[in-house]
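In: sequence below, structure please.
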Amino acid sequence: MSKIKKVFICQECGYISPKWLGRCPGCQEWNTMLEEIDPHSRAKESTSKITSLGTRPEPITDIVIDKEDRYSSGMEELDRVMGGGIVKGSLTLIGGDPGIGKSTLLLQVCNWLGTNHGTVLYVSGEESAKQIKLRADRLGANAKGLYLLCETNLDIILGHI
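Out: The predicted structure follows:
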């Protein structure tokens with residue numbers, strides 16, 4: 001994979017420079033050069049990726065749908081929203097305002113999975129282990145299969161997984 005090339009582009013006249021300049025040589029304006037991804041390298045890169053993949057459009061009627069393995073979250077409404085449960089091997093982004101209950105919801109789901117489906121690793125990059133343990137005690141979320149890791153370094157997280 002090629003490195004993303006960055007250039008400095010004048011916001012007044014569009015002059016492109018490989019390095020930052022205080023004054024644009026094109027329009028002589030000061031402090032108008034901003035760093036951006038080189039538009040010429042991006043177009044070349046995306047075109048080469050598309051042609052090298054060898055994928056082709058296909059009729060929607062020819063697409064075969066496999067039934068995914070799904071796990072119940074222990075919450076009927078969450079399972080409904082997720083199309084019948086959590087898809088094995090999937091990644092789901094849960095979003096919302098601070099304090100709305102995202103961590104509480106996920107701790108409850110992890111507890112259910114740790115009790116009924118095996119081992120679960122709950123990784124938190126924001127809260128301490130003590131904060132999560134206090135919430136777990138309040139919720140009764142102390143499944144033997146539920147493990148907690150407070151870490152933000154992806155290499156360390158992957159090592160534990």
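In: pull the helix or strand with minimum mean pLDDT from this protein.
Out: helix 39-53 (a mean of 56; mean pLDDT, DSSP states H and E).
In: show me what secondary structure element comes after it.
Out: strand 70-71 (DSSP states H and E).
In: list the helices and strands that following strand packs on?
Out: Contacts of strand 70-71 with other secondary structure elements, assessed using 3 or more Cβ pairs under 8 Å, 6 or more residues apart in numbering; DSSP states H and E, are made with strand 86-87. The way it works is simple: take the backbone N, C-alpha and C, and place the C-beta from them, glycine included.
In: which strands or helices does the strand it packs on pack on?
Out: Applying 3+ Cβ pairs under 8 Å, 6+ apart, one finds that strand 86-87 contacts strand 70-71.
In: check which element follows the strand it packs on along the chain.
Out: Proceeding C-terminally, strand 70-71 gives way to helix 76-81 as the next helix or strand, assigned by DSSP H and E.
In: quick one: Lys144 from His117, how far?
Out: In this structure, Lys144 and His117 are separated by 12 Å, where distance is defined by Cβ to Cβ, to the nearest Å.
In: who's more crowded, the two?
Out: In this comparison of Lys144 against His117, neighbours counted by other Cβ atoms under 10 Å, the higher total goes to His117 at 15 against 8.
In: gap between the nearest residue to that one once chain neighbours are set aside and Val109?
Out: Residue nearest to His117 in three dimensions, not counting chain neighbours: Tyr71, with 5.6 Å by Cβ to Cβ, 6 or more residues apart in numbering. Look at Tyr71 and Val109: by Cβ to Cβ, they are 9 Å apart.
In: next: His160.
Out: 20 Å.
In: higher neighbour count, the two?
Out: Between His160 and Val109, counted using other Cβ under 10 Å, Val109 has the larger neighbour count: 23 against 10.
In: contacting residues for the more buried one?
Out: With contacts defined as Cβ atoms under 8 Å, 6 or more residues apart in numbering, the neighbours of Val109 are Ser73, Gly74, Met75, Leu78, Ile86.
In: how about a cut-off of 10 Å?
Out: The neighbourhood of Val109, defined by Cβ atoms under 10 Å, 6 or more residues apart in numbering, consists of 71-75, 78-79, 86, 92, 94, 120, 122, 141.
In: now distance to Glu36 and neighbour count too, for those, in a markdown table please.
Out: Supplementary listing: these in a markdown table, determined by distance: Cβ to Cβ, whole Å; neighbours: other Cβ atoms under 10 Å:
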| residue | distance to Glu36 | neighbour count |
| --- | --- | --- |
| Tyr71 | 43 | 19 |
| Ser72 | 47 | 17 |
| Ser73 | 42 | 21 |
| Gly74 | 47 | 17 |
| Met75 | 45 | 15 |
| Leu78 | 41 | 17 |
| Asp79 | 44 | 17 |
| Ile86 | 39 | 20 |
| Thr92 | 33 | 9 |
| Ile94 | 32 | 12 |
| Val120 | 42 | 17 |
| Tyr122 | 39 | 20 |
| Ala141 | 47 | 21 |
